[in-house]
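Asker: requesting a structural model of the entry that follows:
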Amino acid sequence: MADKIPPPTDQLAAVPLDNAGASSSTVHKPWSPSRTRIRSILGRPDGGAGLASQKVQISGWVKKGREQGKGKFAFLEVNDGSCAANLQVKVDASVSDLSKLVTTGTSLTIDGCLKIPPQGKATKQKIELSAEKVIDVGTVDQHGKTPYPIPKTKLTLEYLRDHTNFRARTTTMAAVTRIRHKICLAAHVFCDKHDICYIHTPIITTSDCEGAGEMFQVTTLINQSEKLEKNLVKNIELTEAEETLAKVEDRSKLKPGLLLPRKDGKIDYSQDFFARQAYLTVSGQLHAETYACSMGDVYTFGPTFRAEKSHTSRHLAEFWMVEVELAFAGVEEAMNCAEALVKDICKYLLEKCLDDMELMKNVDEACIDRLQMVALTSFERVTYTKAITLLEEAVAKGKKFENQVAWRLDLASDHERYLTEVLYKKPVIIYNYPKDIKAFYMRLNDDGETVAAFDVLVPKVGELIGGSQREERMDVLMERMEEKRLPIKEYEWYIDLRRHGTVKHSGFGLGLERMLLFATGMDNIRDVIPFPRYPGRADL
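Answerer: Residues are numbered from 1 along each chain as shown. Prediction:
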C-alpha cells in the first residue's frame, strides 16, 4: 500500500526546527505546497535563472501592466509582498482576458513556466514567468464609489497616511514592514540567545510607570451613562421609566450627558468594570520587574500608550517597546546589554534584510553605512554633567540650539543629535541624570543629586533607549515616591518586591519605531508603524 500523504499540519510539524524561517531560500510553504513566493525565485544568487523550465504557481498584485502586440499579449509586473522585486509575467490573450489583468492593484493567481527572457530584452530580471493558466483574478473597480487610491504615480507619505488600508502595497511601505519584522525577530533572537525569558505584561493596568499621568483611561461607565440617557428618551413602559429615573436620582446632581455614578462628589469607580480606575499601559517595566525578581533576566515586547498631545515627527500615542529587566545587575551591565542589543539588531538587518535596506537607500543614502558603523563601533559613554558642559562649550563658540542648555533640564532632540552626529559621530550613552528629571524607580546615586539612569542616543534619531538601575532599597524608594507625590497605597505591590528578598536589578526599553527610523532613514515615525495613532487620528 502506498504511503498516505500526511495532512498539512503534520507536514509542518515534521519540519526541523533549524529550518524554521527559511522561506527565503525554499520554493514552497508546507501549508501551501502549490504556491511559490516570488522572493524564493528572484532572491536566489542567480536571480532565478537556475529555475528555468520549472512549473510554478504565484499569487500577488499587479504593480504595472501593459498590453502589447496590438493586444495579443501583456506584460505584468507582479509583487506578492515577499520582497521588493517584481516578477515579470507574460500572458497571451489566448490564456485570459488581458483587459482584466493589466490594471494596477489587480490580484491574481497564475500557473506558468519560468523562462529566461530573450536576449536584448529591456528587463533587468534573469527570469520571467510565461503564464499558462490564470486561476483567480480580483479586479480593481475603476468606476466604483471610491477609486483605487494607489495608482502607478509616485505618492507622498502624507497622502499614504490617509490610506493606511492600502499603503502596504507601495514599495517603500512594504520594505519598511519587512524591516520592522526583522527587527522584532532580531530582538527575540538576541534575548533567547542570552537566556532572557520572554513574558507577557498586561496592556490594561492600574499603575503609572512614568508617574507623569499622561495615560489613556479604560472605563465602561460612559457606555452605561449613554444607555441610561437613551432609556430616558425612549417611549418605554412607565414602570421601566420609573426604575431608570430612580437610578438617576441616586446619583449626584449632574449636567445632562454626564450620568456617571458619584460618591462624595467624585466619580465612583467602584462601579466600573474593574471596580477601580484602569488605564492603558505606558510601560511593562513595573510588571516585568516582578518576574525579574523571581526568575532572573526577562523581557517583554508589546504596545505602550501615551496620551501626550504631541504632533512631532518623533511621537505616537501607541508604539511598541522591547523592555529588558536584568536581575542581580547594575547600571553598567544594563548599558552593556543595551549596546549589545542595538549592535545585534544592526548586524541582523545587514545579514537578513539587505535587499530591503538597499531599497531604503532611495530614502536615505547613508542608511546601510549607518548600520555598519553602529555594528562595528563601541558606543561613547558620557555623564549627563559632561554632556551639558560640552553643549555649553558649543553654545559659547556660537552654536545655536532650539532648546536651552542647562543642568537639571532634559536633553532635547537637537542636543542629542549634536552629540551623536557632530561631536562624536557615533552612538553615545548618557548616564547619571539629575534625579528631578527622571522617574521615581531609578536608583539614587551616592551624591544624592543624580540617579543611575542612562539613555542610548544614536545619529539621525537621538534617544533610542532609556534605562536605569532600579531602586532596590525600600526606604529610598518610598522617599522618592513621596517626592513625586505618588499614591503609595497604589504601589504597595511594587514596594513588596523590596520587602521580601530585594535584589539589585536594572533594565531598559528600546523603542521599536525609533529603531526603525534609525535603520530606514524615514523622517516621520508615523510612517514606520502599520496603523499610526496620534492626536486627532485613529483610522481603521
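
Asker: from His200, how far out is the closest residue to Ile203 other than its chain neighbours?
Answerer: Nearest residue to Ile203 in three dimensions, chain neighbours excluded: Thr281, at 5.5 Å (Cβ to Cβ, 6 or more residues apart in numbering). Just so you know, the C-beta spots here come from the backbone N, C-alpha and C atoms, and that holds for glycine as well. Thr281 is 12 Å from His200, where distance means Cβ to Cβ, to the nearest Å.

Asker: any stretches of the stretch 251-400 of the chain with poor pLDDT?
Answerer: For the stretch 251-400 of the chain, the stretches with pLDDT under 70 are 251-258.

Asker: hey, where'd the helices end up in it?
Answerer: For the stretch 251-400 of the chain, applying DSSP state H, counting those that start in this stretch gives helices covering 285-295, 331-352, 354-360, 367-376, 384-396.

Asker: tabulate the CA atom coordinates of the second one in PDB.
Answerer: The C-alpha coordinates for helix 331-352 follow below in PDB (Å, rounded to 0.1, in the frame of the first residue of the first chain):
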ATOM      1  CA  VAL A 331      23.500  50.000  35.600                       C
ATOM      2  CA  GLU A 332      26.800  49.200  33.900                       C
ATOM      3  CA  GLU A 333      25.600  45.700  33.000                       C
ATOM      4  CA  ALA A 334      22.300  47.200  31.700                       C
ATOM      5  CA  MET A 335      24.300  49.600  29.500                       C
ATOM      6  CA  ASN A 336      26.400  46.700  28.100                       C
ATOM      7  CA  CYS A 337      23.300  44.700  27.300                       C
ATOM      8  CA  ALA A 338      21.600  47.700  25.600                       C
ATOM      9  CA  GLU A 339      24.600  48.300  23.500                       C
ATOM     10  CA  ALA A 340      24.900  44.700  22.500                       C
ATOM     11  CA  LEU A 341      21.200  44.500  21.600                       C
ATOM     12  CA  VAL A 342      21.400  47.500  19.200                       C
ATOM     13  CA  LYS A 343      24.600  46.100  17.600                       C
ATOM     14  CA  ASP A 344      22.900  42.700  17.100                       C
ATOM     15  CA  ILE A 345      19.900  44.300  15.500                       C
ATOM     16  CA  CYS A 346      22.000  46.200  13.100                       C
ATOM     17  CA  LYS A 347      24.000  43.100  12.200                       C
ATOM     18  CA  TYR A 348      20.800  41.100  11.700                       C
ATOM     19  CA  LEU A 349      19.400  43.600   9.300                       C
ATOM     20  CA  LEU A 350      22.600  43.600   7.300                       C
ATOM     21  CA  GLU A 351      22.600  39.800   7.100                       C
ATOM     22  CA  LYS A 352      18.900  39.100   6.700                       C
END
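
Asker: buried residues in that helix?
Answerer: Neighbour counts over helix 331-352 (16 or more other Cβ atoms under 10 Å) mark 331, 334-335, 337-339, 341-349, 352 as buried.

Asker: the residue nearest to Ile203 touches Thr205, doesn't it?
Answerer: Yes - with contact defined as Cβ atoms under 8 Å, Thr281 counts as touching Thr205 (4.6 Å).

Asker: residues shared between the contacts of these two?
Answerer: Counting by Cβ atoms under 8 Å, 6 or more residues apart in numbering, Thr281 and Thr205 have no common neighbour.

Asker: the two: which is more packed in?
Answerer: Thr281 (26 against 19; other Cβ atoms under 10 Å).

Asker: follow-up on the earlier one: and the residue nearest to Ile203, how far from Phe274?
Answerer: Going from Thr281 to Phe274 by Cβ to Cβ gives 14 Å.

Asker: that older thread, can you list the helices of the stretch 251-400 of the chain in JSON lines and add distance to Leu516?
Answerer: Conversion of the helices of the stretch 251-400 of the chain to JSON lines gives the following (distance: least, Cβ to Cβ, whole Å):
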{"stretch": "helix 285-295", "distance to Leu516": "21"}
{"stretch": "helix 331-352", "distance to Leu516": "10"}
{"stretch": "helix 354-360", "distance to Leu516": "10"}
{"stretch": "helix 367-376", "distance to Leu516": "11"}
{"stretch": "helix 384-396", "distance to Leu516": "25"}
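
Asker: nearest to Thr177, out of those?
Answerer: Minimum separation from Thr177 across the helices of the stretch 251-400 of the chain (Cβ to Cβ) falls at helix 354-360, 9.2 Å.

Asker: and the closest one, which residues are buried?
Answerer: 355-357, 359-360.

Asker: the closest residue to Pro427 other than its chain neighbours: what's it in contact with?
Answerer: Excluding its sequence neighbours, the residue lying closest to Pro427 (Cβ to Cβ, 6+ apart) is Phe379, at 4.3 Å. Contacts for Phe379 (Cβ under 8 Å, 6+ apart) come out as 339, 426-429, 456.

Asker: try it again with 6 Å
Answerer: For Phe379, the contacting residues are 339, 427, 429, by Cβ atoms under 6 Å, 6 or more residues apart in numbering.

Asker: could you give the number of residues near the last one?
Answerer: Summarising burial for Ile429: neighbours were counted as other Cβ under 10 Å, giving 19.

Asker: would you agree it is in contact with Val456?
Answerer: Yes - with contacts counted by Cβ atoms under 6 Å, Ile429 reaches Val456, the gap being 5.4 Å.

Asker: which SSE is Phe508 in?
Answerer: Here Phe508 sits within strand 505-511, counting by DSSP states H and E.

Asker: which other residues reach that strand?
Answerer: 292, 321-327, 329-331, 334, 338, 465-467, 469-470.

Asker: recalculate using a threshold of 8 Å.
Answerer: By Cβ under 8 Å, 6+ apart, the residues outside strand 505-511 that reach it are 187, 283, 285, 288-289, 292-293, 319-331, 333-334, 337-338, 341-342, 452, 454, 456, 463-470, 472.

Asker: now do the closest residue to Tyr198 other than its chain neighbours against Glu325, distance only.
Answerer: In space, and not counting its chain neighbours, Tyr198 is closest to Tyr299: 6.1 Å by Cβ to Cβ, 6+ apart. Using Cβ to Cβ, Tyr299 is found at 7 Å from Glu325.

Asker: give the residues shared as contacts by these two.
Answerer: Residues touching both Tyr299 and Glu325 by Cβ under 8 Å, 6+ apart: Ala288.

Asker: what sits against Thr177?
Answerer: 168, 530.

Asker: and it, how far is that from Thr171?
Answerer: Where Thr171 is concerned, Thr177 sits at a distance of 11 Å (Cβ to Cβ).

Asker: same thing with Asp195?
Answerer: From Asp195 across to Thr171, the span is 39 Å (Cβ to Cβ).

Asker: low-confidence ranges in this protein?
Answerer: Applying pLDDT under 70 to the chain flags the ranges 1-29, 120-123, 210-213, 224-258.

Asker: domain parsing for it?
Answerer: According to automatic domain parsing, the chain comprises the domains 8-138, 172-217+278-527, 220-271.

Asker: on that earlier part again, which neighbours do Ile429 and Val456 share?
Answerer: Common contacts of Ile429 and Val456 (Cβ under 8 Å, 6+ apart): 335, 338-339, 379.

Asker: now those residues as CSV including distance to Tyr418?
Answerer: Below are the shared contacts of Ile429 and Val456 laid out as CSV (distance: Cβ to Cβ, whole Å):
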residue, distance to Tyr418
Met335, 21
Ala338, 21
Glu339, 21
Phe379, 16
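
Asker: one step back: joint contacts of Thr281 and Phe274?
Answerer: Between them, Thr281 and Phe274 share these contacting residues under Cβ under 8 Å, 6+ apart: Ile204.

Asker: look up how far Gly511 lies from the nearest residue to Thr450 once chain neighbours are set aside.
Answerer: Leaving aside its sequence neighbours, Thr450 sits nearest to Asn432 (Cβ to Cβ, 6+ apart; 4.6 Å). The gap separating Asn432 from Gly511 is 22 Å, by Cβ to Cβ.
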